[in-house]
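> What follows is a predicted protein model with its sequence.
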Amino acid sequence: MKTALVLNGPNLNLLGTREPAVYGSQTLADVQALCQQACATHGFALDFRQSNHEGVLVDWLHEAGRLNAAGELAGVVLNAGAYTHTSVALHDAIKGTGIALIELHISNVHAREAFRHHSYISPAARAVMAGFGVQGYALAISGLAGLAGL
Ligand code: DQA
């Protein structure tokens, strides 16, 4: 069984109480349960993580690269939070590993402040999703299954 790795960046541990008008009222634990259900549907094992630290996310992407090389990775769903808009290191980590990665945002970043319109992740990602709310995580896992069939 291949693993879908769902990585969450800074402040996503605050889901549920953080700007609910933007991000909704579901917690990160709720999102994990949603992902678990989607993974069960597609026959993936779920590895779900969150960190507020850029280097930890880089290390996890490297780990995904090793899993991918072993033929054990279904793909990665990454909500890099604010690092989306700042991190060359995450861009390089994705490119360096050759993993299939979906960039995900709960909110429609393009309908928000101008500083959220640029992403360092997008040029390195296989696909980009924004604005579906937390339901986007389940859609992204379905997307990984779709990409695997390409
Ligand atoms: C976010 C959008 C980012 O701009 C923001 O910094 C986040 C969350 C989203 O899921 O909509 O932390 O990635």
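Done, it's in.

> Can you name the residues that contact the closest residue to Ser119 other than its chain neighbours?
Of all residues not flanking Ser119 in the chain, Thr84 sits nearest, at 5.0 Å (Cβ to Cβ, 6 or more residues apart in numbering). For glycine as for every other residue, the C-beta is placed from the backbone atoms N, C-alpha and C. By Cβ atoms under 8 Å, 6 or more residues apart in numbering, the contact list for Thr84 reads 9, 90, 103, 105, 109, 116, 119-121.

> Do you have the strands of this structure handy? List them.
Taking DSSP state E to define them, one finds strands in the chain at 3-8, 45-50, 73-79, 101-105, 127-130.

> Would you quantify the distance from Arg49 to the ligand?
Using Cβ to the nearest ligand atom, to the nearest Å, Arg49 is found at 15 Å from the ligand.

> Now for that residue, how many residues are close by?
14 (other Cβ atoms under 10 Å).

> do Leu78 as well
For Leu78, using other Cβ under 10 Å, the count is 29.

> next one: Leu57
Neighbour tally, Leu57, other Cβ under 10 Å: 25.

> so where is the protein shaky, pLDDT-wise?
Within the chain, the stretches with pLDDT under 70 are 149-150.

> residues contacting the residue nearest the centre of the chain?
Residue closest to the mean C-alpha point of the chain, counted by Cα atoms, centre = their mean, is Leu78 at 1.8 Å. The contact partners of Leu78, by Cβ under 8 Å, 6+ apart, come to 7, 9, 57, 61, 90, 94, 101-104, 121, 125.

> Please report how far it lies from the ligand.
9 Å.

> same question, Leu144
Distance of Leu144 to the ligand, computed by Cβ to the nearest ligand atom: 18 Å.

> Tell me how far the residue nearest to His110 when sequence neighbours are not counted lies from Met129.
Distance criterion Cβ to Cβ, 6+ apart; nearest residue to His110, sequence neighbours excluded, is His117 at 5.8 Å. His117 sits 16 Å away from Met129, going by Cβ to Cβ, to the nearest Å.
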